[in-house]
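# Sequence and predicted structure below; questions after.
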Amino acid sequence: MNRSHIAIIGAPLDLGAGRRGVDMGPSAMRVANINKRIAALGYEIEDLGNVPVEQPESLPEGPRHAKYLPQIAATCQRLAVMVEQAAEEDKAPLMLGGDHSIAIGSVAGMARHFRKKKKRLGLLWIDAHADMNTPQTSPSGNVHGMPLACCIGLGPEELTKLLGFSPKVHPRNVALVGLRDVDILERPHVRGSGVRAFTMRDIDERGLRAVMEQALGIVTDGTAGFHASLDMDYVDPQYAPGVGTPVRGGATYREAHLAMEMICDAGQMVSMDVVEVNPVIDEVNRTADLAVELVMSALGKKIL
């Protein structure tokens, strides 16, 4: 990152997911010593704790096509304010999820920070899933399948117009890497949105280096920097079993690190979130440990 001070923000939200457990992701990454390990790279770390999140046991599920929508919107609003404030204080926000719906708040906060300066934010979305459903297309009604759509202005107004403006990022500055599981009704959103999606077939045929070079070119074209949103299900379950929605055929251990190393080399990442770590189905916290390793590679850890 181009800032020496990192603000860590936990977002223990699992209201957007169909499987419980990702609310413990921030704790799992802290147990894996994320603060000390990043500090060892030379950064000054400030852990701002966790954004307040309501618990599903005490809440009605709400609308079937967008479950817990008001509560998720409230959490994302609180997170967006924390992220924007950290950025205003010249700190680089690093969010620990939680399910992927937290990225609606992360991106909103960073987008408004740059909007005040009349600048644009790029968005690098690294994920097995497109996350571009809307309540009308979602087969489950789980909001963690909708955040990228919300960031580009598609979806419920409670999320798309967070902080009072939409879209948060222009589709031409959004790249989606690692895609391999897309819902049938979601596909037209991906194809027609203007977002550039790179599937695992693209990676197989062209190699990760070529894909990442093109993706980074998209998210930095005319922007003030980019937000990186890493869903740990981008990595194959062989290496990252403890994720919210595992899908076979993902990135290898080295491919995952190469993507992060290339993000670091680009020198224009301004914020990051790491999501969908689920310790409930993990093996001795190794997915959280890998998540911390990948964050460190994105922040500058090198082999030599």
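Structure's in. What do you need? Residues are numbered from 1 along each chain as shown.
# how about L96, phi and psi?
Main-chain dihedrals, L96, degrees, to the nearest 10: phi -110, psi 110.
# got the contact list for it?
Taking Cβ atoms under 8 Å, 6 or more residues apart in numbering, we find L96 in contact with I8, I9, G10, A11, G25, P26, M29, R30, I34, D273, V274. Every C-beta, even on glycine, is put in place using the N, C-alpha and C of the backbone.
# biggest separation within those residues, which pair?
R30 and D273 (14.9 Å; Cβ to Cβ).
# what about these two, which has more around it?
Neighbour totals were compared for R30 and D273, and D273 leads with 26 against 18 (other Cβ atoms under 10 Å).
# OK, contacts around that one?
A11, L94, M95, L96, G97, I102, A103, S106, H227, A228, S229, L230.
# before we move on, what about T134?
M146, A149, L154, G155, P156, H189.
# Leaving out chain neighbours, which residue sits closest to the first one?
The one in question is M146. Using Cβ to Cβ, 6 or more residues apart in numbering and skipping the chain neighbours, the partner closest in space to M146 is N133 (5.0 Å).
# wait, that neighbour sits on H189?
Yes - counting by Cβ atoms under 8 Å, H189 is a contact partner of N133 at 7.4 Å.
# where do the contact lists of the two overlap?
Joint contacts of N133 and H189 (Cβ under 8 Å, 6+ apart) are A149.
# Same drill for the two, tell me which one is more crowded.
In this view N133 and H189 are compared by other Cβ under 10 Å, and N133 has more residues nearby, 30 against 23.
# Where does the residue nearest to the spatial centre of the chain sit: helix, strand or coil?
By Cα atoms, centre = their mean, the chain has its centre lying nearest to S229, at 2.8 Å. With DSSP: H, G, I helix; E, B strand; the rest coil as the basis, S229 sits in strand.
# Begin at 45, not 1, for the rest of this chat.
Right, with 45 as the first residue, what we last looked at is S273.
# Relative to V263, how far out is it?
11 Å (Cβ to Cβ, to the nearest Å).
# so who does the residue nearest to the centre of the chain touch?
S273 makes contact with H144, A147, S150, V151, L167, L168, W169, I170, D171, M316, D317, V319 under the criterion Cβ under 8 Å, 6+ apart.
# End to end on stretch 101-112, go ahead and measure it.
Taking Cα to Cα, to the nearest Å, stretch 101-112 runs 11 Å from one end to the other.
# Same check on stretch 225-233?
Using Cα to Cα, one end of stretch 225-233 lies 14 Å from the other.
# Please enumerate residues in contact with that stretch?
Contacts of stretch 225-233 (Cβ under 8 Å, 6+ apart): 172-174, 176-178, 180-183, 189, 193, 198, 234, 289, 291.
# hang on, the earlier thing: what helix or strand is the residue nearest to M190 located in?
In this assignment (DSSP states H and E), N177 forms part of neither any helix nor any strand.
# need the contact list for it.
Counted by Cβ under 8 Å, 6+ apart, N177 has contacts P183, G189, M190, A193, D227, L229, E230, H233.
# Okay, the fifth one and G69: tell me how far apart.
Going from D227 to G69 by Cβ to Cβ gives 24 Å.
# and if you look at A155?
With Cβ to Cβ as the criterion, A155 and G69 are 23 Å apart.
# Then A284?
Distance from A284 to G69, by Cβ to Cβ: 12 Å.
# So these two - more neighbours on which side?
Neighbours of A284 and G69, each counted by other Cβ under 10 Å, are more numerous for G69; the result is 33 against 29.
# Surely that one touches G142?
Yes - if you go by Cβ under 8 Å, G69 and G142 touch, sitting 5.8 Å apart.
# Mind listing the shared neighbours of those two?
Between them, G69 and G142 share these contacting residues under Cβ under 8 Å, 6+ apart: P56, V319, E320.
# And the buried ones among those, selectable in ChimeraX?
This is the ChimeraX syntax for the buried subset of these, where burial follows 16 or more other Cβ atoms under 10 Å:
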select :56,319,320
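# any idea which of the shared contacts of G69 and G142 is closest to N329?
Closest approach between these and N329, by Cβ to Cβ: E320, at 14.8 Å.
# pretty sure the closest one is touching G286, no?
No - the pair E320 / G286 is not scored as a contact, 9.1 Å apart, by Cβ under 8 Å.
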